[in-house]
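Trainee: got a predicted structure plus its sequence, pasted below:
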Amino acid sequence: MTATLIALALIFTELSLMAFGGGYAVLPEIQRRVVEVQHWVTPAEFSALFALAQAAPGPNMMIVPLIGWHVAGLPGLLVSSLAKFLPSSLITCMAVSAWERFRDRPWRAVVQAGLLPVTAGLVASSAVVITAASATSWWLAGLTGVTAALSVFTRAHPVAVLALGAVGGLAISFF
Amino acid sequence: MTTIAEAGQGGVSAPTTRQLFTGFLGIGLIGFGGVLPLARRMLVDDKAWLSPQEFADLLGLCQFLPGGNVINMSVAVGMKFRGWRGALAGILGLTAVPTAFVIVLGVLYDRYSTDAHVQHLFAGLAAASAGLLIGMAWKMLKPLLKRPVALLVVLMLFFAVAMLRVPLIVAMLVLAPVSILLAWRFGQ
(Lines give C-alpha, C1' and ligand atoms only; values in the text may rest on other atoms or scores of the structure.)
Protein backbone atom coordinates (compact mmCIF):
# COMPACT_ATOMS: atom_id res chain seq x y z
CA MET A 1 0.00 0.00 0.00
CA THR A 2 2.72 2.46 1.01
CA ALA A 3 4.74 1.51 -2.05
CA THR A 4 1.69 2.12 -4.24
CA LEU A 5 1.11 5.56 -2.67
CA ILE A 6 4.77 6.49 -3.17
CA ALA A 7 4.57 5.37 -6.80
CA LEU A 8 1.40 7.47 -7.30
CA ALA A 9 3.09 10.48 -5.68
CA LEU A 10 6.21 10.18 -7.86
CA ILE A 11 4.35 9.67 -11.13
CA PHE A 12 1.94 12.57 -10.70
CA THR A 13 4.48 15.01 -9.24
CA GLU A 14 6.67 14.44 -12.28
CA LEU A 15 3.71 14.86 -14.64
CA SER A 16 2.50 17.97 -12.81
CA LEU A 17 5.71 19.74 -13.74
CA MET A 18 5.58 18.64 -17.39
CA ALA A 19 1.94 19.36 -18.17
CA PHE A 20 2.59 22.28 -20.53
CA GLY A 21 -0.56 22.89 -22.51
CA GLY A 22 -2.77 21.27 -19.88
CA GLY A 23 -3.79 17.77 -18.91
CA TYR A 24 -4.34 16.07 -22.27
CA ALA A 25 -0.68 16.56 -23.09
CA VAL A 26 0.39 14.18 -20.32
CA LEU A 27 -2.34 11.59 -20.95
CA PRO A 28 -0.11 9.24 -23.02
CA GLU A 29 2.47 9.29 -20.22
CA ILE A 30 -0.18 8.63 -17.55
CA GLN A 31 -1.35 5.68 -19.65
CA ARG A 32 2.21 4.40 -20.15
CA ARG A 33 3.04 4.59 -16.44
CA VAL A 34 -0.26 3.26 -15.10
CA VAL A 35 -0.78 0.51 -17.71
CA GLU A 36 2.61 -0.49 -19.13
CA VAL A 37 4.96 0.18 -16.20
CA GLN A 38 2.82 -0.41 -13.09
CA HIS A 39 0.22 -2.78 -14.59
CA TRP A 40 -2.44 -1.29 -12.30
CA VAL A 41 -5.12 -1.50 -15.02
CA THR A 42 -5.47 -2.92 -18.55
CA PRO A 43 -5.47 -0.58 -21.60
CA ALA A 44 -9.26 -1.08 -21.98
CA GLU A 45 -9.86 -0.32 -18.28
CA PHE A 46 -7.71 2.80 -18.57
CA SER A 47 -9.79 4.04 -21.51
CA ALA A 48 -12.99 3.35 -19.55
CA LEU A 49 -11.67 5.25 -16.51
CA PHE A 50 -10.60 8.13 -18.75
CA ALA A 51 -14.05 8.21 -20.34
CA LEU A 52 -15.69 8.20 -16.88
CA ALA A 53 -13.50 11.10 -15.79
CA GLN A 54 -14.50 12.94 -18.96
CA ALA A 55 -18.12 12.56 -17.88
CA ALA A 56 -17.39 14.32 -14.56
CA PRO A 57 -17.88 18.10 -14.34
CA GLY A 58 -15.03 20.51 -13.74
CA PRO A 59 -11.41 20.52 -14.94
CA ASN A 60 -10.47 17.91 -17.52
CA MET A 61 -7.86 16.02 -15.56
CA MET A 62 -10.16 14.22 -13.14
CA ILE A 63 -8.66 10.97 -14.49
CA VAL A 64 -5.86 11.57 -11.95
CA PRO A 65 -7.92 11.29 -8.71
CA LEU A 66 -9.98 8.52 -10.35
CA ILE A 67 -6.84 6.44 -11.00
CA GLY A 68 -5.72 7.14 -7.42
CA TRP A 69 -9.09 6.00 -6.08
CA HIS A 70 -9.15 2.89 -8.27
CA VAL A 71 -5.62 1.86 -7.28
CA ALA A 72 -5.52 2.74 -3.55
CA GLY A 73 -8.90 4.06 -2.37
CA LEU A 74 -9.22 7.39 -0.52
CA PRO A 75 -5.49 7.66 0.37
CA GLY A 76 -4.70 7.04 -3.31
CA LEU A 77 -7.12 9.77 -4.36
CA LEU A 78 -5.64 12.29 -1.92
CA VAL A 79 -2.02 11.47 -2.77
CA SER A 80 -2.54 11.55 -6.55
CA SER A 81 -4.55 14.83 -6.37
CA LEU A 82 -1.95 16.55 -4.19
CA ALA A 83 0.92 15.27 -6.36
CA LYS A 84 -0.78 16.41 -9.57
CA PHE A 85 -2.09 19.80 -8.47
CA LEU A 86 0.32 21.06 -5.79
CA PRO A 87 3.63 21.45 -7.70
CA SER A 88 2.10 23.26 -10.69
CA SER A 89 0.01 25.42 -8.33
CA LEU A 90 3.09 26.46 -6.33
CA ILE A 91 4.76 27.48 -9.59
CA THR A 92 1.65 29.46 -10.54
CA CYS A 93 1.66 31.22 -7.14
CA MET A 94 5.28 32.26 -7.58
CA ALA A 95 4.79 33.22 -11.22
CA VAL A 96 1.84 35.55 -10.53
CA SER A 97 4.15 37.98 -8.78
CA ALA A 98 6.94 37.59 -11.37
CA TRP A 99 4.57 37.78 -14.37
CA GLU A 100 4.60 41.58 -14.52
CA ARG A 101 8.33 41.44 -15.08
CA PHE A 102 8.50 38.75 -17.79
CA ARG A 103 5.21 39.00 -19.69
CA ASP A 104 6.53 41.54 -22.20
CA ARG A 105 9.96 39.98 -22.66
CA PRO A 106 10.53 38.66 -26.20
CA TRP A 107 11.67 35.23 -24.91
CA ARG A 108 8.27 34.67 -23.30
CA ALA A 109 6.49 34.76 -26.69
CA VAL A 110 9.23 32.58 -28.26
CA VAL A 111 8.97 29.92 -25.53
CA GLN A 112 5.17 29.94 -25.81
CA ALA A 113 5.31 29.62 -29.62
CA GLY A 114 7.82 26.79 -29.25
CA LEU A 115 5.66 24.88 -26.78
CA LEU A 116 2.57 25.05 -29.03
CA PRO A 117 3.61 22.29 -31.50
CA VAL A 118 4.85 20.23 -28.52
CA THR A 119 1.38 20.35 -26.97
CA ALA A 120 -0.28 19.60 -30.32
CA GLY A 121 1.95 16.56 -30.81
CA LEU A 122 1.15 15.29 -27.32
CA VAL A 123 -2.61 15.74 -27.75
CA ALA A 124 -2.40 13.89 -31.09
CA SER A 125 -0.54 11.12 -29.22
CA SER A 126 -3.30 11.06 -26.59
CA ALA A 127 -5.89 10.60 -29.33
CA VAL A 128 -4.00 7.69 -30.89
CA VAL A 129 -3.18 5.94 -27.60
CA ILE A 130 -6.78 6.12 -26.34
CA THR A 131 -8.23 5.19 -29.76
CA ALA A 132 -5.95 2.16 -30.07
CA ALA A 133 -7.11 0.91 -26.67
CA SER A 134 -10.81 1.73 -27.18
CA ALA A 135 -11.68 0.98 -30.82
CA THR A 136 -11.33 -2.78 -30.37
CA SER A 137 -14.18 -3.82 -32.72
CA TRP A 138 -15.60 -2.44 -35.99
CA TRP A 139 -18.63 -1.20 -34.06
CA LEU A 140 -16.55 0.71 -31.48
CA ALA A 141 -14.23 2.02 -34.21
CA GLY A 142 -17.34 3.29 -36.00
CA LEU A 143 -18.49 5.02 -32.81
CA THR A 144 -15.09 6.69 -32.48
CA GLY A 145 -15.31 7.84 -36.12
CA VAL A 146 -18.80 9.27 -35.72
CA THR A 147 -18.01 11.06 -32.44
CA ALA A 148 -14.75 12.45 -33.89
CA ALA A 149 -16.71 13.81 -36.89
CA LEU A 150 -19.34 15.30 -34.55
CA SER A 151 -16.69 17.08 -32.51
CA VAL A 152 -14.86 18.41 -35.61
CA PHE A 153 -17.82 19.44 -37.76
CA THR A 154 -20.54 20.36 -35.26
CA ARG A 155 -20.75 22.31 -32.02
CA ALA A 156 -22.19 19.27 -30.22
CA HIS A 157 -21.69 19.40 -26.44
CA PRO A 158 -18.99 16.95 -25.25
CA VAL A 159 -21.33 15.39 -22.70
CA ALA A 160 -23.93 14.77 -25.44
CA VAL A 161 -21.21 13.10 -27.55
CA LEU A 162 -20.19 10.90 -24.58
CA ALA A 163 -23.84 9.99 -23.95
CA LEU A 164 -24.19 8.97 -27.60
CA GLY A 165 -21.15 6.71 -27.19
CA ALA A 166 -22.55 5.12 -24.01
CA VAL A 167 -25.91 4.42 -25.70
CA GLY A 168 -24.13 3.13 -28.81
CA GLY A 169 -21.99 0.79 -26.71
CA LEU A 170 -24.97 -0.44 -24.70
CA ALA A 171 -26.96 -1.08 -27.90
CA ILE A 172 -24.51 -3.73 -29.13
CA SER A 173 -24.92 -5.75 -25.93
CA PHE A 174 -28.55 -6.45 -26.86
CA PHE A 175 -27.70 -8.01 -30.23
CA MET B 1 3.84 39.84 -2.35
CA THR B 2 1.42 42.74 -2.17
CA THR B 3 -2.08 41.62 -3.03
CA ILE B 4 -4.57 43.85 -4.79
CA ALA B 5 -6.79 43.76 -1.71
CA GLU B 6 -4.03 45.28 0.42
CA ALA B 7 -2.99 47.81 -2.19
CA GLY B 8 -6.63 48.77 -2.75
CA GLN B 9 -6.18 49.37 -6.46
CA GLY B 10 -8.59 48.70 -9.30
CA GLY B 11 -12.24 49.63 -9.68
CA VAL B 12 -13.73 46.29 -8.58
CA SER B 13 -14.13 45.23 -4.98
CA ALA B 14 -11.66 42.45 -4.19
CA PRO B 15 -13.34 39.12 -3.38
CA THR B 16 -12.87 37.55 0.05
CA THR B 17 -11.40 34.07 0.52
CA ARG B 18 -14.91 32.68 1.00
CA GLN B 19 -16.15 34.38 -2.18
CA LEU B 20 -13.19 32.93 -4.10
CA PHE B 21 -14.10 29.44 -2.83
CA THR B 22 -17.81 29.70 -3.69
CA GLY B 23 -17.10 31.39 -7.05
CA PHE B 24 -14.86 28.55 -8.24
CA LEU B 25 -17.14 25.97 -6.59
CA GLY B 26 -19.85 27.13 -9.00
CA ILE B 27 -17.56 26.51 -11.98
CA GLY B 28 -16.70 22.99 -10.80
CA LEU B 29 -20.40 22.34 -10.27
CA ILE B 30 -21.59 23.09 -13.78
CA GLY B 31 -18.44 22.92 -15.85
CA PHE B 32 -19.10 19.82 -17.94
CA GLY B 33 -16.47 19.59 -20.69
CA GLY B 34 -14.73 22.89 -21.35
CA VAL B 35 -14.59 24.95 -18.18
CA LEU B 36 -12.70 27.91 -19.60
CA PRO B 37 -15.65 29.83 -21.15
CA LEU B 38 -17.51 29.42 -17.84
CA ALA B 39 -14.53 30.67 -15.86
CA ARG B 40 -14.40 33.75 -18.08
CA ARG B 41 -18.10 34.44 -17.64
CA MET B 42 -17.85 34.14 -13.85
CA LEU B 43 -14.65 36.18 -13.44
CA VAL B 44 -15.28 38.93 -16.02
CA ASP B 45 -19.03 39.22 -16.65
CA ASP B 46 -20.78 38.04 -13.48
CA LYS B 47 -18.45 38.98 -10.62
CA ALA B 48 -16.30 41.56 -12.43
CA TRP B 49 -13.24 40.49 -10.42
CA LEU B 50 -11.15 40.89 -13.57
CA SER B 51 -11.39 43.16 -16.60
CA PRO B 52 -11.36 41.39 -20.01
CA GLN B 53 -7.76 42.55 -20.43
CA GLU B 54 -6.73 41.22 -17.00
CA PHE B 55 -8.42 37.89 -17.79
CA ALA B 56 -6.61 37.57 -21.13
CA ASP B 57 -3.35 38.47 -19.41
CA LEU B 58 -3.76 35.92 -16.59
CA LEU B 59 -4.85 33.28 -19.10
CA GLY B 60 -1.63 33.92 -21.02
CA LEU B 61 0.30 33.21 -17.83
CA CYS B 62 -1.73 30.09 -17.03
CA GLN B 63 -1.22 28.69 -20.53
CA PHE B 64 2.49 29.40 -20.28
CA LEU B 65 2.94 27.46 -17.03
CA PRO B 66 2.63 23.69 -16.53
CA GLY B 67 -0.73 22.43 -15.26
CA GLY B 68 -4.32 22.75 -16.42
CA ASN B 69 -5.34 26.24 -17.56
CA VAL B 70 -8.42 26.51 -15.35
CA ILE B 71 -6.69 24.97 -12.32
CA ASN B 72 -3.88 27.49 -12.72
CA MET B 73 -6.45 30.25 -13.20
CA SER B 74 -8.15 29.42 -9.88
CA VAL B 75 -4.76 29.57 -8.15
CA ALA B 76 -3.65 32.75 -9.92
CA VAL B 77 -6.89 34.65 -9.24
CA GLY B 78 -6.90 33.55 -5.58
CA MET B 79 -3.24 34.54 -5.22
CA LYS B 80 -3.81 37.91 -6.90
CA PHE B 81 -6.55 38.93 -4.47
CA ARG B 82 -5.86 37.10 -1.19
CA GLY B 83 -2.38 35.59 -1.32
CA TRP B 84 -1.83 31.88 -0.69
CA ARG B 85 -5.08 31.54 1.32
CA GLY B 86 -6.99 32.82 -1.70
CA ALA B 87 -5.10 30.45 -3.99
CA LEU B 88 -6.00 27.52 -1.74
CA ALA B 89 -9.65 28.64 -1.61
CA GLY B 90 -9.75 28.92 -5.42
CA ILE B 91 -8.36 25.47 -6.22
CA LEU B 92 -10.27 23.69 -3.42
CA GLY B 93 -13.50 25.32 -4.61
CA LEU B 94 -12.84 24.32 -8.20
CA THR B 95 -11.97 20.69 -7.48
CA ALA B 96 -14.37 19.89 -4.57
CA VAL B 97 -17.44 18.86 -6.56
CA PRO B 98 -15.60 17.09 -9.41
CA THR B 99 -13.62 15.07 -6.82
CA ALA B 100 -16.82 13.97 -5.04
CA PHE B 101 -18.24 13.07 -8.46
CA VAL B 102 -15.15 11.00 -9.26
CA ILE B 103 -15.48 9.05 -5.98
CA VAL B 104 -19.09 8.18 -6.86
CA LEU B 105 -18.01 7.13 -10.38
CA GLY B 106 -15.12 5.09 -8.95
CA VAL B 107 -17.42 3.23 -6.56
CA LEU B 108 -19.92 2.53 -9.35
CA TYR B 109 -17.14 1.36 -11.67
CA ASP B 110 -15.67 -1.01 -9.07
CA ARG B 111 -19.10 -2.45 -8.28
CA TYR B 112 -20.52 -2.88 -11.78
CA SER B 113 -17.54 -3.17 -14.12
CA THR B 114 -17.95 -6.97 -14.35
CA ASP B 115 -21.56 -6.70 -15.61
CA ALA B 116 -21.72 -7.40 -19.37
CA HIS B 117 -24.10 -4.54 -20.20
CA VAL B 118 -22.06 -2.08 -18.14
CA GLN B 119 -18.87 -3.25 -19.86
CA HIS B 120 -20.44 -2.49 -23.24
CA LEU B 121 -21.59 0.90 -21.96
CA PHE B 122 -18.07 1.73 -20.76
CA ALA B 123 -16.61 0.51 -24.08
CA GLY B 124 -18.95 2.87 -25.95
CA LEU B 125 -18.11 5.72 -23.56
CA ALA B 126 -14.39 5.11 -24.13
CA ALA B 127 -14.89 5.00 -27.92
CA ALA B 128 -16.68 8.37 -27.74
CA SER B 129 -13.99 9.95 -25.56
CA ALA B 130 -11.42 8.75 -28.13
CA GLY B 131 -13.53 10.54 -30.76
CA LEU B 132 -13.52 13.74 -28.68
CA LEU B 133 -9.73 13.54 -28.35
CA ILE B 134 -9.36 13.13 -32.12
CA GLY B 135 -11.53 16.21 -32.57
CA MET B 136 -9.43 18.17 -30.10
CA ALA B 137 -6.15 17.05 -31.70
CA TRP B 138 -7.47 18.11 -35.10
CA LYS B 139 -8.42 21.58 -33.80
CA MET B 140 -4.91 22.02 -32.36
CA LEU B 141 -3.16 20.74 -35.51
CA LYS B 142 -5.17 22.77 -38.04
CA PRO B 143 -3.47 26.15 -37.38
CA LEU B 144 -0.05 24.44 -37.60
CA LEU B 145 -0.64 22.80 -41.00
CA LYS B 146 0.89 25.70 -42.94
CA ARG B 147 4.00 25.79 -40.72
CA PRO B 148 6.36 22.99 -41.79
CA VAL B 149 8.81 23.58 -38.94
CA ALA B 150 6.08 23.32 -36.29
CA LEU B 151 4.63 20.28 -38.07
CA LEU B 152 8.02 18.58 -37.95
CA VAL B 153 8.08 19.00 -34.14
CA VAL B 154 4.53 17.61 -33.93
CA LEU B 155 5.59 14.54 -35.96
CA MET B 156 8.75 13.94 -33.91
CA LEU B 157 6.81 14.13 -30.64
CA PHE B 158 4.08 11.92 -31.98
CA PHE B 159 6.62 9.33 -33.14
CA ALA B 160 8.50 9.38 -29.81
CA VAL B 161 5.47 9.39 -27.48
CA ALA B 162 2.72 7.49 -29.32
CA MET B 163 4.83 5.04 -31.38
CA LEU B 164 8.06 4.42 -29.45
CA ARG B 165 6.41 5.10 -26.05
CA VAL B 166 9.51 6.99 -24.90
CA PRO B 167 9.20 8.36 -21.32
CA LEU B 168 7.66 11.84 -21.57
CA ILE B 169 10.42 13.47 -19.55
CA VAL B 170 13.01 12.29 -22.11
CA ALA B 171 10.90 13.43 -25.07
CA MET B 172 10.25 16.81 -23.42
CA LEU B 173 13.87 17.43 -22.39
CA VAL B 174 15.01 16.81 -25.97
CA LEU B 175 12.17 18.18 -28.09
CA ALA B 176 10.89 21.17 -26.08
CA PRO B 177 14.26 23.03 -26.28
CA VAL B 178 14.53 22.06 -29.97
CA SER B 179 11.05 23.42 -30.64
CA ILE B 180 11.72 26.64 -28.73
CA LEU B 181 15.01 27.07 -30.59
CA LEU B 182 13.23 26.55 -33.93
CA ALA B 183 10.51 29.05 -32.93
CA TRP B 184 13.22 31.57 -32.09
CA ARG B 185 15.24 30.90 -35.25
CA PHE B 186 12.36 30.80 -37.76
CA GLY B 187 9.88 33.12 -36.04
CA GLN B 188 6.23 32.21 -35.88
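Mentor: Great, that's in hand. These numbers come from a predicted model, not from an experiment.
Trainee: helix/strand/coil for the closest residue to chain A within chain B?
Mentor: Residue of chain B nearest chain A, by CB to the nearest CB: residue B:124 (1.7 Å). C-betas here are computed from N, CA, C, even on glycine. Of the three states, residue B:124 takes helix under DSSP: H, G, I helix; E, B strand; the rest coil.
Trainee: how near is the closest residue to it other than its chain neighbours to residue B:57?
Mentor: Nearest non-adjacent residue to residue B:124, counting by CB to CB, 6 or more residues apart in numbering or on different chains: residue A:169, 1.7 Å away. Separation of residue A:169 from residue B:57 (CB to CB, to the nearest Å) stands at 43 Å.
Trainee: neighbour count: these two, which is higher?
Mentor: residue A:169 (26 against 15; other CB atoms under 10 Å in any protein chain shown).
Trainee: other SSEs contacting the helix or strand encompassing the more buried one?
Mentor: Here residue A:169, judged by DSSP states H and E, is contained in helix A:158-172. Judged by 3 or more CB pairs under 8 Å, 6 or more residues apart in numbering or on different chains; DSSP states H and E, helix A:158-172 is in contact with helix A:43-54, helix A:138-153, helix B:116-141.
Trainee: quick one, what contacts the residue of chain B closest to chain A?
Mentor: A:140, A:143, A:165-172 (CB atoms under 8 Å, 6 or more residues apart in numbering or on different chains).
Trainee: just the helices in chain A please.
Mentor: A:2-18, A:27-31, A:43-54, A:63-102, A:106-134, A:138-153, A:158-172 (DSSP state H).
Trainee: for chain B, what is the nearest residue in chain A?
Mentor: Counting by CB to the nearest CB, chain A gets nearest chain B through residue A:169, at 1.7 Å.
Trainee: circling back: and of the helices and strands packed on helix A:158-172, who's closest to residue A:6?
Mentor: Ranking those by proximity to residue A:6 (CB to CB) places helix A:43-54 first, at 20.8 Å.
Trainee: quick one: low-confidence residue ranges for chain B.
Mentor: B:1-12, B:31-34, B:188 (pLDDT under 70).
Trainee: domain parsing for it?
Mentor: Annotated domains of chain B cover B:4-111, B:115-142, B:146-188 [automatic domain parsing].
Trainee: possible to save those domains as JSON lines with distance to residue A:117?
Mentor: Listed next are these as JSON lines, based on distance: least, CB to CB, whole Å:
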{"stretch": "domain B:4-111", "distance to residue A:117": "14"}
{"stretch": "domain B:115-142", "distance to residue A:117": "9"}
{"stretch": "domain B:146-188", "distance to residue A:117": "4"}
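Trainee: of those, which is nearest residue A:30?
Mentor: Closest among the domains of chain B, once you apply CB to CB, is domain B:146-188, at 9.1 Å.
Trainee: what is the burial count for residue 139?
Mentor: Reading this off chain A. Residue A:139, neighbours per other CB under 10 Å, totals 17.
Trainee: nope, chain B please
Mentor: Residue B:139 has 13 nearby residues by other CB under 10 Å.
Trainee: now do residue A:76
Mentor: 23.
Trainee: just give the nearest non-adjacent residue to it, would you?
Mentor: residue A:68 (3.8 Å).
Trainee: what mean pLDDT does stretch A:117-130 get?
Mentor: The average pLDDT for stretch A:117-130 rounds to 90.
Trainee: what sits up against that stretch?
Mentor: A:20-22, A:24-28, A:31, A:47, A:50, B:126, B:129-130, B:133-134, B:136-137, B:140-141, B:144, B:147, B:150-151, B:153-158, B:161-162, B:168, B:172, B:175-176, B:179.
Trainee: now the buried members of those.
Mentor: Among the contacts of stretch A:117-130, those classed as buried by 16 or more other CB atoms under 10 Å in any protein chain shown are A:20-22, A:24-28, A:31, A:47, A:50, B:126, B:129-130, B:133-134, B:136-137, B:140-141, B:144, B:147, B:150-151, B:153-154, B:156-158, B:161-162, B:168, B:172, B:175-176, B:179.
Trainee: correct me, but residue B:162 touches residue A:28?
Mentor: Yes - counting by CB atoms under 8 Å, residue A:28 is a contact partner of residue B:162 at 6.2 Å.
Trainee: quick one, phi psi at residue B:112?
Mentor: Note on residue B:112: its backbone torsions stand at phi -110, psi 0 [degrees, to the nearest 10].
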